[in-house]
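A.B. asks: fold the following and give me the result.
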Amino acid sequence: MPAFSTSRLRRVLGAGLAALSLLLPAMATAQQGPALPTYILEEFGAPPEIPEGPFSEDLQRAVKMAFVDSVAQATWGRDQTTALAEIVEAGDPRVVWLIADLMRFASGPQLSVALTEASAVLLGKRLPRENGWGNVTDHLIAWDIPAPPDYLATKRAIFTTVVPVWDKIFVEGQIDWRHVSWGGVLIDDRPFGTTDDPCNCIPAADNPAVSSAEEATWLSDDAIVFGVEVNGAYRAYPRRIMEVREMVNDTLGGRDLGIPYCTLCGAAQAYFTDQLPAGVERPVLRTSGLLIRSNKVMYDVNSYSVFDTFLGTAVTGPLAEKGIALEQASVVTTDWGTWKRAHPETTVLIEELALGRDFDFRNGRDADGPIFPVGDVDPRLPVHEDVVGVVAASGTPVAFQRSQAVAALTRGEDVTFEEVRLTLDGGGLRAVDASGADLGSHQAFWFAWSQFHPDTVLWSE
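C.D. replies: Sure, this is the predicted structure:
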């Protein structure tokens, strides 16, 4: 979309920003809807008042012109500028969700600034121009601004114009479409078994080739791996490979697995994709190219059912209608040297699967915090603190701060919650029950675990 310049929008935004300066002191003490936690008010301020009900016909027309037609025509002209001015004058903060969706695809600094300033007026909050999309979206999530009327239909029109195959993804379901954004990559929609073919996507691997530990001379002892055990069979998935692939469909110990890795969340998980109800084909997990609060959105390429990546629950499509929830196996995050000494029989993915790449997103791109909007973060731990999470038999999620848990176990102390017991395994942590049975735990950044398990208990010594 080209840059633009128009006097009307400038007048509207200028008047709105001037009025905003007068309103901010009053808004700081306003109470809007259910009381927000103090930490959200301290970081984001008080939310604006939110109207209810449908949009007027004029506002509907302006929304279509600004958000649907501009993407379909791949242009931003006088009509769109006029529509944006009308949207700002209407004063409905719910529209900002659509502004944020458009910002994700908009090009040109002038347009990005105009969209940021329009959002600022509608939200009643001064926002920096730098990283406008991220700042706008963080406020929308933290304040839990309601979606505008017919939100999914409009959002679907925007996103599927850019990537048409997403038309199978953007459907009704048990998913909060407000929080879904584009991750900057295209969907991997290759059928099972064709993942050796190149794609303009994050390329999943199906039935990856493996070697013995002795043959894996390319992997240094301090390299991070994700260790999985199923029925006495052990396998290591090097982070170097998983940062390139982000999704593996594998078979281990006689069981089928889908293994997503979200670089943004620091979380590798292992889901059993077999032993499902009669008539349900094995889900083949792929990366959709979409994110939800900085967590990858995975889907089944056979049914185009979307899964909640953190919970393993189908949230749209035929598998959601059947109530499919995948059981997890534990993933132990550790270093290769310690893992192979503890489990010398382990196999490991071969170097060629890294496609000649050697990323380290954790210590590079993501070192200063999430690079995509996450909204508010539970303040009990730092955003990027490593935790090992599991859901207890009672249904209560519990997070163990990795550093504290390792220290306690090293001292010979017990680390427990209800029937959950943490154990050291090959340099990492695994959750088991009183009988030693695996409970399906995994490591993640605190921001990710706490936002997908907002009622989580945080273990402390």
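
A.B. asks: what's opposite the most centrally placed residue in the chain in the beta bridge?
C.D. replies: The residue lying closest to the centre of the chain (Cα atoms, centre = their mean) is residue 295, at 1.5 Å. On the basis of DSSP bridges, residue 295 is bridged to residue 292.

A.B. asks: now it: how far from residue 330?
C.D. replies: Counting by Cβ to Cβ, to the nearest Å, the separation of residue 295 from residue 330 is 19 Å. C-beta here means a position set from N, CA and C on the backbone, and glycine is covered the same way.

A.B. asks: so who does the residue nearest to the centre of the chain touch?
C.D. replies: By Cβ atoms under 8 Å, 6 or more residues apart in numbering, the contact set of residue 295 is 262, 264, 265, 267, 309, 310, 448, 452.

A.B. asks: likewise residue 406?
C.D. replies: Counted by Cβ under 8 Å, 6+ apart, residue 406 has contacts 424, 429.

A.B. asks: list the buried residues of the helix or strand containing it.
C.D. replies: Taking DSSP states H and E as the criterion, residue 406 maps to helix 402-410. For helix 402-410, the neighbour count (16 or more other Cβ atoms under 10 Å) marks 402, 405, 406, 408, 409 as buried.

A.B. asks: same check, this time on stretch 99-115
C.D. replies: Neighbour-count burial for stretch 99-115 [16+ other Cβ under 10 Å]: 99, 100, 101, 102, 103, 104, 105, 106, 111, 112, 114, 115.

A.B. asks: compute the number of surrounding residues for the nearest residue to residue 245 once chain neighbours are set aside.
C.D. replies: Leaving aside its sequence neighbours, residue 245 sits nearest to residue 205 (Cβ to Cβ, 6 or more residues apart in numbering; 4.9 Å). Residue 205 is flanked by 22 other residues according to other Cβ atoms under 10 Å.

A.B. asks: hmm, residue 205 is touching residue 247, no?
C.D. replies: Yes - at 7.4 Å, residue 205 counts as touching residue 247 under the criterion of Cβ atoms under 8 Å.

A.B. asks: and the residue nearest to residue 245, backbone torsions?
C.D. replies: Per-residue torsions, residue 205: phi -120, psi 130 (degrees, to the nearest 10).

A.B. asks: quick one, what contacts it?
C.D. replies: Residue 205 neighbours (Cβ under 8 Å, 6+ apart): 195, 241, 245, 247, 248, 249, 349, 353.

A.B. asks: where does pLDDT dip in this structure?
C.D. replies: Counting by pLDDT under 70, the chain contains low-confidence ranges at 1-34.

A.B. asks: show me it divided up by domain.
C.D. replies: Here the domain parsing of the chain from automatic domain parsing is 7-162, 181-354, 386-458.

A.B. asks: put together JSON lines for the ones you listed, with distance to residue 370 on each row.
C.D. replies: Output for these, formatted as JSON lines (distance: least, Cβ to Cβ, whole Å):
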{"stretch": "domain 7-162", "distance to residue 370": "9"}
{"stretch": "domain 181-354", "distance to residue 370": "5"}
{"stretch": "domain 386-458", "distance to residue 370": "6"}
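
A.B. asks: just so I know, which of the ones you listed lies nearest residue 379?
C.D. replies: Nearest to residue 379 among the domains of the chain is domain 7-162 (4.8 Å), distances taken as Cβ to Cβ.

A.B. asks: count of neighbours near residue 196?
C.D. replies: Counted by other Cβ under 10 Å, the residues lying close to residue 196 total 10.

A.B. asks: likewise residue 291?
C.D. replies: Other residues within reach of residue 291, judged by other Cβ under 10 Å, total 23.

A.B. asks: tell me how far the spatially closest residue to it that is not a sequence neighbour lies from residue 177.
C.D. replies: Leaving aside its chain neighbours, residue 291 sits nearest to residue 183 (4.4 Å; criterion: Cβ to Cβ, 6+ apart). Remark: distance between residue 183 and residue 177 (Cβ to Cβ) = 15 Å.

A.B. asks: what's the distance between the residue nearest to the centre of the chain and residue 178?
C.D. replies: 14 Å.

A.B. asks: how about residue 119?
C.D. replies: 14 Å.

A.B. asks: what about these two, which has more around it?
C.D. replies: Neighbour comparison, residue 119 and residue 178: the larger count goes to residue 119, with 26 against 23 (by other Cβ under 10 Å).

A.B. asks: the more buried one against residue 129, yeah?
C.D. replies: No - Residue 119 is beyond contact range of residue 129, at 11.0 Å (criterion: Cβ under 8 Å).

A.B. asks: OK, contacts around the residue nearest to residue 291?
C.D. replies: Counting by Cβ under 8 Å, 6+ apart, residue 183 has contacts 289, 290, 291, 296, 372.

A.B. asks: so what does residue 308 have for phi and psi?
C.D. replies: Dihedral angles for residue 308 - degrees, to the nearest 10 - are phi -70, psi 110.

A.B. asks: again, but for residue 238
C.D. replies: When quoted as degrees, to the nearest 10, the phi and psi of residue 238 stand at phi -60, psi 140.

A.B. asks: just checking, it touches residue 220?
C.D. replies: No - in this structure residue 238 lies outside contact range of residue 220 using Cβ under 8 Å: 9.9 Å.

A.B. asks: make sure residue 460 is indeed in a helix.
C.D. replies: No - read with DSSP: H, G, I helix; E, B strand; the rest coil, residue 460 is coil and lies in no helix.

A.B. asks: and it, how many neighbours?
C.D. replies: Neighbour tally, residue 460, other Cβ under 10 Å: 8.

A.B. asks: residue 209 contacts residue 351, correct?
C.D. replies: No - the pair residue 209 / residue 351 is not scored as a contact, 10.0 Å apart, by Cβ under 8 Å.
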